[in-house]
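>>> need coordinates for the following:
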Amino acid sequence: MKAQLKESESEIQYSYRVDPVSVAMGARVEGLDVGEDQSQETIDLLRDLMLKHHLLVLPNQQLSAHELEAFGRRWGSLLTHPATKHRDTQYVQWIGSSGEGRKFKFFPGSHPAGGGWHSDMTWHSTPPKYTGLLAKRLPNFGGDTIFSNQHLAFDTLPDELKEDIADKSAFHTGKVFGPDVEDSIHPVVRTHDETGEKALYVNPNFTKYIVGMPADESEALLFRIFSHHVRPEFTYRHKWSVNDLVLWDNRSVMHYAIADYNEQRIMHRIVVQGNVPQ
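Next up, the predicted model:
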């Protein structure tokens, strides 16, 4: 379909093609060059699509680090990340891996660096509302990223489990990135500040325990959530092409970078600051 945006009493017609990429979430936007078009009308259109689909795939975006940063700033203030930064700007993260990196301990097991289900930077006091990931170099095979819709995950929880977690908070830590990285406490169930929809907001990478619960009960409750919130019917698996720019809403989406390759994979990433989760 052709994307449309209404402004006052006039209607602006665009030639962008928007097609869903899965039943659970996501849309592909063809015919848009964000290096050339960063108008308010286009950003507003993309925001509307994001609220509807939670994830956008924008193919064929040949952007330098500075151009990616400029596009990110059209969405809000950018956060820096304690891991690797691009040599040209601290607001673009350079993510390079051969799939054979360090291993960190994540509940309920160990995953290669970059692996494991998570929403970006949940250990931050104001974690990102949006992430943008631009593919610069890819292995011949592998290196997909899976995304999971946490609104669907919450909506399909048993009622008794919804009641159990309704008023609970969880501790998130970023110490995997260094001893000075902050920790935060956020609600287990987050309310999206624009749509009012509820979503699960805990993840195996950064969430360590439920506040105020004995350790064994906290682990059992988290395990019940973790075994549910990445069911296949909630997910979209993206097979990357070079210059794909994928944007997603961290308030409603988790992701998992699959480390099933042994060639170089390079991504550029931006994260747009959100508010305090409620």
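>>> which regions of the stretch 101-250 of the chain sit below the pLDDT cut-off?
101-115 (pLDDT under 70).
>>> buried ones in stretch 178-195?
Counting neighbours by 16 or more other CB atoms under 10 Å, one finds that the buried residues in stretch 178-195 are 181, 184, 186, 187, 188, 189, 190, 192. No exception for glycine: its C-beta is placed from N, CA and C like everyone else's.
>>> ok, now stretch 266-278?
For stretch 266-278, using 16+ other CB under 10 Å, the buried residues are 267, 268, 269, 270, 271, 272, 273, 274, 277.
>>> quick one: contacts for the nearest residue to residue 233 once chain neighbours are set aside?
Nearest residue to residue 233, sequence neighbours excluded (CB to CB, 6 or more residues apart in numbering): residue 24, at 6.4 Å. Taking CB atoms under 8 Å, 6 or more residues apart in numbering, we find residue 24 in contact with 148, 149, 152, 233, 234, 235, 236.
>>> what about the fifth one, neighbour count?
What that stands for is residue 234. 24 (other CB atoms under 10 Å).
>>> surely the residue nearest to residue 233 is within a helix?
No: using DSSP: H, G, I helix; E, B strand; the rest coil, the assignment for residue 24 is coil, not a helix.
>>> can you report phi and psi for it?
In terms of degrees, to the nearest 10, the main-chain angles of residue 24 are phi -80, psi -30.
>>> next: residue 160.
Here is the backbone geometry of residue 160 (degrees, to the nearest 10): phi -70, psi -30.
>>> where's it relative to residue 132, distance?
38 Å (CB to CB, to the nearest Å).
>>> those two: who's more crowded?
residue 132 (26 against 7).
>>> surely residue 71 forms part of a helix?
Yes: judged by three-state DSSP, residue 71 forms part of a helix.
>>> which residue sits closest to it, ignoring its sequence neighbours?
Nearest residue to residue 71, sequence neighbours excluded (CB to CB, 6+ apart): residue 34, at 5.0 Å.
>>> quick one: pLDDT of that neighbour?
The model reports residue 34 with a pLDDT of 95.
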